[in-house]
Every structure is written in C-alpha cells, then in structure tokens.
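# Could you look at this predicted model? Sequence included:
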Amino acid sequence: THVDTDTALAWVRAIAESVAAHADQLTRLDAAIGDADHGINMRRGFTAVVAALDAARWSTVGEVLTKTGTTLVSTVGGASGPLYGSAFRAAGKALASPEVSPEELLAGLTAGLEAVQRLGTAEPGDKTIVDAYRPALDAFEAALRDGADLAGAARAAADGAEAGMRDTTPMVARKGRASYLGPRSQGHQDPGATSTALIFRALAEVADR
Amino acid sequence: THVDTDTALAWVRAIAESVAAHADQLTRLDAAIGDADHGINMRRGFTAVVAALDAARWSTVGEVLTKTGTTLVSTVGGASGPLYGSAFRAAGKALASPEVSPEELLAGLTAGLEAVQRLGTAEPGDKTIVDAYRPALDAFEAALRDGADLAGAARAAADGAEAGMRDTTPMVARKGRASYLGPRSQGHQDPGATSTALIFRALAEVADR
Amino acid sequence: MKKLINDPGAVVEDALNGLVAAHPSLAVRDRVVYRAAGPRPGKVGLVSGGGSGHEPLHAGFVGHGMLDAACPGEVFTSPVPDQIVAATAAVDGGAGVLHVVKNYTGDVLNFEMAAELAEDVEIVSVLVNDDVAVQDSLYTAGRRGTGATVFVEKIAGALAEEGAPLAEVARVASEVNARSRSFGIALTSCTTPASGKPTFELPESDVELGVGIHGEPGRQRAPMASARELAALAMEAVHGDLPLEGDLLVMVNGMGGTPLMELYVVFAEVAAYVRGKGARVARSLVGNYVTSLDMQGFSVTVCRLDDTLTRLWDAPVETPGLRWGR
Amino acid sequence: MKKLINDPGAVVEDALNGLVAAHPSLAVRDRVVYRAAGPRPGKVGLVSGGGSGHEPLHAGFVGHGMLDAACPGEVFTSPVPDQIVAATAAVDGGAGVLHVVKNYTGDVLNFEMAAELAEDVEIVSVLVNDDVAVQDSLYTAGRRGTGATVFVEKIAGALAEEGAPLAEVARVASEVNARSRSFGIALTSCTTPASGKPTFELPESDVELGVGIHGEPGRQRAPMASARELAALAMEAVHGDLPLEGDLLVMVNGMGGTPLMELYVVFAEVAAYVRGKGARVARSLVGNYVTSLDMQGFSVTVCRLDDTLTRLWDAPVETPGLRWGR
Ligand SMILES: Nc1ncnc2c1ncn2[C@@H]1O[C@H](COP(=O)(O)OP(=O)(O)O)[C@@H](O)[C@H]1O
Ligand SMILES: Nc1ncnc2c1ncn2[C@@H]1O[C@H](COP(=O)(O)OP(=O)(O)O)[C@@H](O)[C@H]1O
Ligand SMILES: [Mg+2]
Ligand SMILES: [Mg+2]
Ligand SMILES: [Mg+2]
Ligand SMILES: [Mg+2]
C-alpha cells in the first residue's frame, strides 16, 4: 500500500472537507486565545486549494502537495498560512514521484515539520501546531517500525495528533498570538494543533479506503 | 389668602424638589418621543434656581419669579429652557409687589403662557407645554369665578394641568422634537406637559400649607 | 453601558479640557471654544453651537477657515444664550457675526434669545435644515439640521476668511443649506452618559430610518438589510427631494460607533448610486463628523456644488475635525 | 450584531473600493492600495500591511509623506506574500523599499516570505513592537505592534519623502519604534463580520487590560473604573517601561466604537499625567487611528521626541487618515 497521486489528491480534498466542517470550532478555539479567525483562514485556504487542484492534472504526489502549499501561502495569511504552506511545500519537494512508500511519506511529512519549526521556531510544549504534528510523526514512525501498513500508520498518526492536540490544553502558550495571554492561555486547546489533528485524521481516513 | 414673596420662594423650591423627584420619569418620557434629556435639563435648571434664590434676599414676588426665569434661561438649554425661562420672567414682570392677589397671580401666569406661545408658536393640541398650561389657567380662572380661594384655585389648576397632560397622550406632536416622529408620537405623554403639571401641583401644595 | 468618563455631570467640561489640551490653537472659556488667536479685525465671525455628543461637531470645527467659536451645550441639549452672547461678543472683529443654527426648537430659541441680548453686534442667523427624513411643513418643527452643518460651516468659514462681508457670507451659507440634503439610518441606539441606558430599543432584526442625531427615533423601522440596500434607501430619500445632478459633495458620516471599514463599504454603494443617476461625486468625506455618541449607523449628506462652492470647499482649513491646505 | 456590509466574504474588497472612490489619489489593484501617482524615482518606497478591521491603518495612511502602498489582509488576518511582493515591486523607485511590519507571527512570516521572493528589490524590514502589555521575552512572541505603527509610518514616510537613503529611513523608523510604547484597555469586545458574535464576553463590571488590536484578550481583567483611573493605569504601564521625559508625542486612540467625546476626556487625564511627571505633550493625536472594528476602549501611545523626529512629524502629510501641511 503506497501513496499515489490520487491518494494525495483525495487526502487534500478530505482535509478541505474536514476543515470546512470544523471551521466554526477552529474559530471558536481561536477566539478564546487568539483572534477568532483560524477556521475562517483554513477554510478560505483549502477552498482555494481544491479549486487550484481541480484546475489542472497532476502527475506526482509532490506536485499535489507543493501546489497545496503554494496555494495556502497565497490565500491563508496569518500565522497558519506560511506555516502550513511551507510544510506542504517542503513535503512536496521531498516526494517528487507518482507513488511513494509509507517510509517516503514519513520523510516528506518530517521535512514539513522541519519547515514549520525553522520558520516558527516553536518547540514542543509551546502550544502550537508542533504539539500535534510531532507526536503524529512519532506515532507514524513507531507504527511502521512495528510493521503497520500505511492505513495503520496513518491511524496511529491521527491518534497521536489528537492526543497531542488534547495535551495543548494545560500548556501556557509561548509562540504565536496566544503567548500574549501568558498564564491566561492555559485551559484552552490550541486551534493550530486542532487543525493539525484534522489533517492527520483526514490522511487516516483516505488511507483506509 | 394672598401670595407673598415667601410663598413664591416656597413654590419655586417645591418645583425644584418635585422636578428632582420626577427627573427620571421626565427623561424616560422624553426618550420615547424626544432625546431623553428633559428631566436632566429641568433638574439642572431648578437646582441652579434654588442656589440663586438662596444666595440673596428677595422683596417682591416678581423678583423671585424673574430670577427663576433668568436662571432657567441660563442653565437649562434645550427647548424647555427658553420657554419656561420666559414664562417665569413674564410672570415676574407682571407681579412686581411683595404680595399679590390670586387674580393678579392668574394674570402673571397668563403673561407666562403668552410668552411661551409667542416664543414657541404652539397652539393647544400640538402636544407641548401649552396643553397642560392652558387648561391649568382655565381651571384656575373658573375656580376663582366660582369663589374659590388661592388654595382651591391652585388645586383646580393642578388638576387641570394633569388632565391636559394626560390628554397629550393621543396627540400627534406638531411642535418640538416629537413632531419629527409624525404619527409615531401618538400614544406617548408629552414630557413638557408633564413638567408643567408638576409646576402647578407644586403651587397647589404650597398654597395649601 | 460603560463610558470613559469621570462623572456624567462633568463630561462636557472634561472633554473640552481634553480638546484644548490636544489643540493649542483653541481655547475654552466659560463653556465656549474659541480660536486662541482671537478675532481677526475686519473678518466676519462665525459662531455655531448645539448639544454635545456630536463630536467633532461643533467645537472640532473651530479654527482657520471654519468657525471662530463654538458653544457646546450639555449632551444633546442646546447651549444657553449666555454662551452664545459671550461667543458672539468675543469673535466680533467689527464685521459682524454669523450664527449657524441647526433647526431644532431648542437651538433656534436659544440663539434667538442670544441674538436679542447681543444687540451691539450685527448678527445674521442661518438656519440649517437638511434632513429629508422630516417633512418641512406646518405640522412639524420643520426639517432638522444635520450633516449639512459641516458643509455650511466649512464653506461660509472659507468665505469669511477671504474677507467677504456678512451679508455675502450669510447668503452663501443659506445657499449651501438650500443645496444640501441628508438622511440617516441607525443600527443601534446611543446611550447618554447621564442615563447609562440605550435611549431606544432596536431589535437585531431592525433598523431605524430617518433617525435624528440625538437618538430621536425616526419616522419608521425597517428590516435590517445589506449596505447596498440601506445606502439606496438613504439616497432615494435624498434624491426624491434634491435631484442628483452635476458635481456633488457627498459625505458618508458615521454616527460614532460604526467602524470606518463599514463606512467605506457604504460610500462605495453611495458612489455607485450617484454614478447611476448620471451625477458625479466631485468631493467627499467619509468618517465621523456629526456623531450621536456611540450610535451605530450612518447618514449621507449631499450638496450640489457649483464652481464657487467647490473653490470654497477646497480652501485651506485647519481645525481638529477637518484639515487640509495648511 | 448588525453590520453595514453586503457580504462578510466581500467586506475587505467592498471597503477598499469605497476608500479609493473617496480618495482619487489612491488606487487599488489585487488587494494592494497604492498612491495613484505611482513611485517617485529615487525615493525609498514604504510598504506596510496587516489585517483589515484596523482602519484607517494601513490603507488610510497611503499618500504623500507616509506610505507608498498598503497590503490589507482579511479581517484581522495578515496579508499574504503575493500582495506584499506585488506592492514592493510596484513602489520601488530604485532606492529600495522599507517594510513596516507589526510584530505578530503572521505578519512577520508573511513579510519574511515576501522579502525572500522579491529578491530583485533592496528591502529592509522594521519591526514595530510597542505594546507594553506583552512581555518581550523568550516566553512570548515578543511585544505586539500597535499604535506606534502610525508614528513609524508618518516619520519614516516624511524622511523618505525628503529623499533620505533606505538605511537612514530604516534607522529612524527603528528609532521611533524604540522610543515608543503603547497600552490598550477595552470596555467591550469587537465583533468580526464573519462571526457576527462578540469575540469575547466582557461583563458590564469589567474592562480588559492590555487588550490586543484583534480582539485578543488581554493579560487580565480589572473592574471598570473612571477615565482618570483607566488613563493612569495605561500611563503607568507605559511609564514603567519608557520613563516619561522631555517632549512627547502622545496619541489617545479609539478602538472604533468609542465616542470622540470620551477620547477627549481620556486625553485630558493623560495630559495631566504627563505634566505630573514633569514631561510635556509636545504633539498629540486624539481619534480613531488603529481600530479594532467596533470595539469600545482606548489605547495610549507615547513617543519620546527629539528635534529631528518633531520636524519629521510636522512635515506635510496627505493621506485619508492623517493630513496636514497640504
Ligand atoms: N511560531 C509558531 N509555530 C507554530 N505554530 C504557530 C506559531 N505561531 C502560531 N502558530 C499556530 O497558529 C495558530 C493560529 O493560526 P491563525 O489563527 O490562522 O493565525 P493568526 O494567529 O495569525 O490569527 C495557533 O493556534 C498556533 O497553533
Ligand atoms: N414650540 C414649543 N412650544 C411649547 N413647548 C414646546 C415647544 N417645543 C418643545 N416644547 C416642549 O419642550 C419639551 C421638551 O423639552 P426638552 O427635552 O427639555 O428640550 P429638547 O426638546 O430641546 O431636548 C417637549 O416635551 C414639549 O413639551
Ligand atoms: Mg487567528
Ligand atoms: Mg429633550
Ligand atoms: Mg435636548
Ligand atoms: Mg489572525
């Protein structure tokens, strides 16, 4: 079970649907410790991504992910636009073939996380995207090591992302807008970690098909 | 039973108390068909009047009423300031002696109404001060004709003013700020007619002492 | 309703102190705001006034090219004659004084009394009555003065600054008024500092058409609608009374609580409406000029310009509320 | 919550159309607002940008003596690199371009990406981070950029207009930022067009101290107090970080929904506080300059002037939001 271009397309489309369905939730979370736009930003971005992907034909996984990243950069704005945009672009750059193995996918996603951290300089525990992204990759890797296939590894990654997302609730934010609240940011789940969990859950669902 | 300078002072002080006690009601009435300041205006004016009267000695009824009018003009603003101010000044001008008879008081009050109508050009039925003031004087005059003393005539005037005040409710305003509402001014009691009724009720109470 | 004030009874005084602290070219004495430099000999003096709560109107329009003095009353309450008399005497530079009076019973009566008292000064009064929401008939106190006040004060002020005689300044002021119409729509009530509660209740579903600038209710309520529809409603009311032709000066005025972003959305619709009638927005203002405390909503004011009025509009002005050319 | 808009998704576009309709000296192309006259050869170009909803910031500060272009993002959302790249290329008159960036992760990242992409143009970025409500430490994204942005854009804009080279314009812009501090207090939340509901709940009894300009909650709540007490709270926070000395430029900024009358009340208290410290309000602004839609509240920004900064502040400026000297 490899990831081909169609899987990549299906994944990004599934993210778009999930983000649209959860837009209000993301925005509400952002209202509590940010500026109440994360859901709106993500929906605007992924709506544009779907339109861009629909408008052409794609021959590699990397092309799909790169186009996704470029479009996110051009349409999302805010902190999440450059961060997610760079993540997808970095992953796309690493996956320049029509079909990639689960191990290759992991490498691509890891390049994405590195891009997020290079740009945003967030460490685990800072209450950001990183806090869902990192445990997702750890779980993905561990599952592959334990012999899981793509579907199993993606499921583990989604579970890991969701656990990481939940773990952001007690954290004091140290990056992004929520850091301005200091201790008042505690007790709220991070919106970016939440959208990251949606992204990995979408991968698990598509891998399961 | 004549009206002397002390009675005039007592009357104006009684108005001040009554206006302060009813300030919120007057303002609420003005909120419905005006700009929500009539009670505030009247209280500010009569507070200043009491202070002005306290600051000197007065030897005629007219001096008291003229000082009242002058102070109202200088402190109330709005439509009611010039109207009530001119009314008291006109009455004061007509009552230049230490003691006046009920008939003289009626003449003075009538001069006051004339001043209001000269300045504001309101006719009965226009939903203004005039609609309480005019019936008050009519009742005062009728009571004197029927042999009433000052207390009886003043009581009749207060009753007349209150009846006139209540009669403003169904009227469509044709003068002042309420006229802008057209038919929407119907169903609301006029604030100025209400303060006029307070003024005549204060007279009746003082005359009764 | 929370207010940034110290004491509801002192709010006008405190705000005037802030105004002159921020604008050293202004001075305040006994509730009158003057140009600190005093009257210019031979120049017609311009005095206006009205209730407070409409800032920057009127005190924010004192300065070169506009008013010489403003008489702020209590919140939403006309000034008293004493203020107007003092202002009139102080700004008379020997060429007489123009009173710019918004058509409200209270303003009219207090200015009239003042004009009688200030008998030494030559005074002409100009009444501003541009609000088409009110019928100008025997059955009303006549149309209200609203947004056109800014146009009258600016244009008459420029003419006075040029040295024109009182009769001419008054004539042009009346002409500006005659060529101007306004209509206002409120989304919310305002709340006066003294009452602390909204003056009227307006449900989420409705707007108030033809609202007054003191929180007076309008002639009718209508369902909340898009900026395009509300702008069209206001412009139709204006156009019905003053056909839109030629070069127009157009103001989209915020009532105090409306974000500037929304005023620009409305202006775009107003400009499109004007183009649709074949007329031209030659000059414009978008912002808070004649406010009603924290009310949300807008009014639109249109003036049909001619070359003289355009030239006077463009002339330099230096006041807290309007400034260009210096 | 009622809004004067046509469609929450189109509000930025519609408002920009209104802005340029009202100001023929501006042009809008692909979500960038430019001076219609285009770049002046040899002049350093100034580009800023940020989320919409803060009007007049930034697009209202495009014009002679201030910005050459502004990149408005969606409401409260940083612009995207495409806008910034286009603006940068368009305003480059051969002398390079200054990016004025408010210190928010989103603004910083998008401007950084743009600067990388616009490699043909010499670009220097200046970060504005004046908000003392946020500690500038390893444990935050650093102090936010708020009111000082107006000072930086005005003063750097004046210097660029004089023909100073990029390094010098950037140096003075950084200096203005270093000499400026702000603190904001909200009485109410704002409501974004997209959500239609207040971003946070704030009871009648409380205010939000150190609120952000995007409706971000502040560091703490405090009981509602008088204008005097709230002004003192804000000024103490500023003074604690930037001792008040000498000549100051002071802005009392409204957050969009606060009546001008109340801002003047606050300014009177701020000015008294400054005098109490033995410093002097040499220049001031009172009004809505960096807003948060319909939020009620104020922020105060103080900059310690020197002769050069005062001269540049006084230099002519002609933009929708700030205008004097022409
Ligand atoms: N430096 C950073 N590194 C990683 N993620 C970050 C960083 N800063 C912010 N984020 C993420 O971005 C999310 C907010 O995104 P969004 O609301 O779209 O942008 P903005 O804060 O500009 O409004 C936060 O919840 C957080 O997870
Ligand atoms: N032309 C007029 N003649 C007589 N009374 C008037 C006239 N215009 C207004 N009034 C009275 O004034 C009252 C309002 O007074 P007030 O609220 O103090 O002044 P304003 O309307 O200027 O706010 C009205 O209720 C009405 O009775
Ligand atoms: Mg956000
Ligand atoms: Mg009233
Ligand atoms: Mg009034
Ligand atoms: Mg944002």
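Received, thanks. Ligands and ions are numbered 1, 2, ... in the order given.
# ok, now which ones touch the one residue in chain A that gets nearest to ligand 1?
Distances between chain A and ligand 1 by CB to the nearest ligand atom are smallest at residue A:192, namely 1.9 Å. Bear in mind the C-beta positions are built from the backbone N, C-alpha and C, glycine included. By CB atoms under 8 Å, 6 or more residues apart in numbering or on different chains, the contact set of residue A:192 is A:38, A:79, A:80, A:83, A:128, A:129, A:132, A:176.
# Who are the packing partners of whichever strand or helix holds residue C:267?
Of the helices and strands defined by DSSP states H and E, residue C:267 is found in helix C:260-276. In this structure, helix C:260-276 makes packing contacts with helix C:227-241, strand C:247-254, strand C:280-287, strand C:297-304, helix D:11-22, judged by 3 or more CB pairs under 8 Å, 6 or more residues apart in numbering or on different chains; DSSP states H and E.
# Mind putting these into CSV with mean pLDDT, mean neighbour count and distance to ligand 4?
Below are the helices and strands packed on helix C:260-276 laid out as CSV (pLDDT from 0 to 100; neighbours: other CB atoms under 10 Å in any protein chain shown; distance: least, CB to the ion, whole Å):
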stretch, mean pLDDT, mean neighbour count, distance to ligand 4
helix C:227-241, 97, 20, 25
strand C:247-254, 98, 25, 22
strand C:280-287, 98, 20, 27
strand C:297-304, 98, 27, 20
helix D:11-22, 98, 24, 35
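# confidence score at residue 183?
Going with chain A. Note on residue A:183: pLDDT of 90.
# meant chain C, my bad for not saying
On the pLDDT scale, residue C:183 gets 97.
# Please report the distance of the residue in chain A that ligand 5 sits nearest to from chain C.
As assessed by CB to the ion, ligand 5 sits closest to residue A:36 within chain A, at 39.3 Å. Applying CB to the nearest CB, to the nearest Å, the value for residue A:36 to chain C is 15 Å.
# from memory that residue sits against residue A:26, does it?
No: using CB atoms under 8 Å as the test, residue A:36 is too far from residue A:26 to be in contact (9.8 Å).
# Secondary structure element holding the residue of chain A closest to ligand 1?
Element membership of residue A:192 [criterion: DSSP H and E] is helix A:191-208.
# Just the buried positions in that helix, please.
Of all the residues in helix A:191-208, those buried under the rule 16 or more other CB atoms under 10 Å in any protein chain shown are A:191-207.
# Spit out the contact partners of the residue nearest to residue A:94 when sequence neighbours are not counted.
Spatial nearest neighbour of residue A:94, chain neighbours left out: residue A:108 (4.1 Å); criterion: CB to CB, 6 or more residues apart in numbering or on different chains. Shown in contact with residue A:108 (CB under 8 Å, 6+ apart): A:61, A:62, A:65, A:90, A:91, A:92, A:94, A:95, A:100.
# Please repeat the previous calculation with a cut-off of 10 Å.
Residues in contact with residue A:108 (CB atoms under 10 Å, 6 or more residues apart in numbering or on different chains) are A:3, A:61-62, A:65, A:87-88, A:90-96, A:100.
# Residue C:43 in helix, strand or coil?
The assignment at residue C:43 comes out as coil when based on DSSP: H, G, I helix; E, B strand; the rest coil.
# Which helix or which strand is home to the nearest residue to residue C:126 once chain neighbours are set aside?
Once flanking residues are discounted, residue C:126 sits nearest to residue C:173: 4.3 Å by CB to CB, 6+ apart. Element membership of residue C:173, judged by DSSP H and E, is helix C:166-178.
# Can you name the next helix or strand after that helix?
Next along from helix C:166-178, by DSSP H and E: strand C:180-186.
# circling back to that earlier point, which neighbours do residue A:36 and residue A:26 have in common?
residue A:191.
# Looking at those two, which is more packed in?
Neighbour count, other CB atoms under 10 Å in any protein chain shown: between residue A:36 and residue A:26, residue A:36 has more, with 29 against 24.
# Can you verify the more buried one is assigned to a helix?
No: under three-state DSSP, residue A:36 falls outside any helix and is assigned coil.
# count of neighbours near the residue lying closest to it once chain neighbours are set aside?
Spatial nearest neighbour of residue A:36, excluding adjacent residues (CB to CB, 6+ apart): residue D:199 at 4.6 Å. The tally of other residues near residue D:199 (other CB under 10 Å) stands at 27.
# Check residue A:107 too.
For residue A:107, using other CB under 10 Å, the count is 15.
# Give me the pLDDT for it.
98.
# so who does it touch?
Neighbours of residue A:107 in contact, by CB under 10 Å, 6+ apart: A:91, A:94, A:95, A:100, A:101.
# Now that we have those residues, which of them are buried?
Judged by 16+ other CB under 10 Å, buried ones among the contacts of residue A:107: A:91, A:94, A:95, A:100.
# Point me to the residue of chain A nearest ligand 4.
residue A:36 (40.0 Å).
# Which members of the contacts of residue A:107 occur in strands, if any?
If you go by DSSP state E, the contacts of residue A:107 have residue A:100 in strands.
# about what we covered before: go through the contacts of residue A:192 and flag which are in helices.
Counting by DSSP state H, the part of the contacts of residue A:192 found in helices is A:38, A:80, A:83, A:132.
# was I right about the second one contacting residue A:194?
No: between residue A:80 and residue A:194 there is no contact under CB atoms under 10 Å: 11.1 Å.
# joint contacts of the two?
A:26, A:30, A:38, A:42, A:129.
# so the last one touches residue A:195, yeah?
Yes: with contact defined as CB under 10 Å, residue A:129 and residue A:195 form a contacting pair (7.6 Å).
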